[in-house]
Every structure is written in C-alpha cells, then in structure tokens.
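Participant: heads up, no residue letters with this:
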Ligand SMILES: [Zn+2]
C-alpha cells in the first residue's frame, strides 16, 4: 500500500493514530507506535460511561453533575437532559423523605397524646 502521508481512508484498512499520527490498522484497539488505546468506548474512563455515572448518582446524588458536564462524549442537549432527570429524581426523593419524616412525627405526637390521656 502506498501512503500519501496526508490522510488514509478507513476503507483502505488503515487510519492515522489520533495520538502520534502514525498509520495503524482501522480495527486496532492499541497503537503499535505509541501504545495509546484507540477507539471511543474503550478509552472512555469508567466514570464517564453510563453505568459509572449511574453508580456515581447512587453514591453522591446530584453532586455527580460535574461529571456529566465534564464528559467530552455528550452533546449539550444530552447533558441538559441528564441534568433535568437528576434534578427531578433528587426533588422527588427529597420530597418523599421529608413527607416520611412528617408522618413519623405525626405518629410520635399521637403516641405522646395517648400517653398523657392514660
Ligand atoms: Zn499512536
């Protein structure tokens, strides 16, 4: 295969490494010249993958939102949608926790009143 040195099409079976610009096979997952991992999903850190972000949300709730906005793989609309979902879920969970506490306090007041009557 003759290389022009400028660009090679993926159909030729070779692409340029995004890290060192050497020619590598398009199916390669690791550059043989510089050793970098090639390919979107495989080189994405765990905390930027959907499951990683979901686990982060379970652990720290809305404090994981910076991970969403620092993620270079998502367009702005996806970031806004994820932010909206996180805010809504956080709001619903906060409301249900507060109303649960309210209900428990009502039972304590009832028990207190019953205790005074007897
Ligand atoms: Zn390389």
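Facilitator: Nice, I can see it. This one's a predicted model, so the numbers in the text were calculated from it and none came from an experiment.

Participant: what are the structural domain limits within the protein?
Facilitator: Per the record, the chain has its domains at 1-41, 44-118, by automatic domain parsing.

Participant: check which element follows the helix or strand bottoming out on mean pLDDT in the chain along the chain.
Facilitator: Taking mean pLDDT, DSSP states H and E as the measure, the chain has helix 40-43 as its least confident helix or strand, at a mean of 56. Next along the chain after helix 40-43, taking DSSP states H and E as the criterion, comes helix 50-60.

Participant: could you list every helix and strand in contact with that next one?
Facilitator: Counting contacts by 3 or more CB pairs under 8 Å, 6 or more residues apart in numbering; DSSP states H and E, helix 50-60 packs against helix 65-70, helix 76-117. Every C-beta, even on glycine, is put in place using the N, C-alpha and C of the backbone.

Participant: quick one, which of the ones you listed gets closest to the ion.
Facilitator: Among the helices and strands packed on helix 50-60, the nearest to the ion by CB to the ion is helix 65-70 (24.7 Å).

Participant: buried set for the closest one?
Facilitator: For helix 65-70, a neighbour-count test (16 or more other CB atoms under 10 Å) marks 65, 67, 68 as buried.

Participant: just the closest of the residues you listed to residue 18, please.
Facilitator: residue 67 (23.1 Å; CB to CB).

Participant: pretty sure the closest one sits against residue 49.
Facilitator: No: Residue 67 is beyond contact range of residue 49, at 10.5 Å (criterion: CB atoms under 8 Å).

Participant: worst mean pLDDT among the helices and strands packed on helix 50-60?
Facilitator: Mean pLDDT values for those show the minimum at helix 65-70, a mean of 89.

Participant: list the contacts of that one.
Facilitator: Helix 65-70 is contacted by residues 47, 48, 53, 56, 74, 79, 82, 83, 86 when judged by CB atoms under 8 Å, 6 or more residues apart in numbering.

Participant: ok, and of those, which contact the ion?
Facilitator: Near the ion, judged by CB under 5 Å from the ion, there are no entries from these.

Participant: and the residues you listed, which are buried?
Facilitator: Using 16+ other CB under 10 Å, the buried ones in the contacts of helix 65-70 are 48, 53, 56, 74, 82, 86.

Participant: could you single out the nearest of the residues you listed to residue 106?
Facilitator: Nearest to residue 106 among the buried ones among the contacts of helix 65-70, with distances taken as CB to CB, is residue 86, at 30.6 Å.
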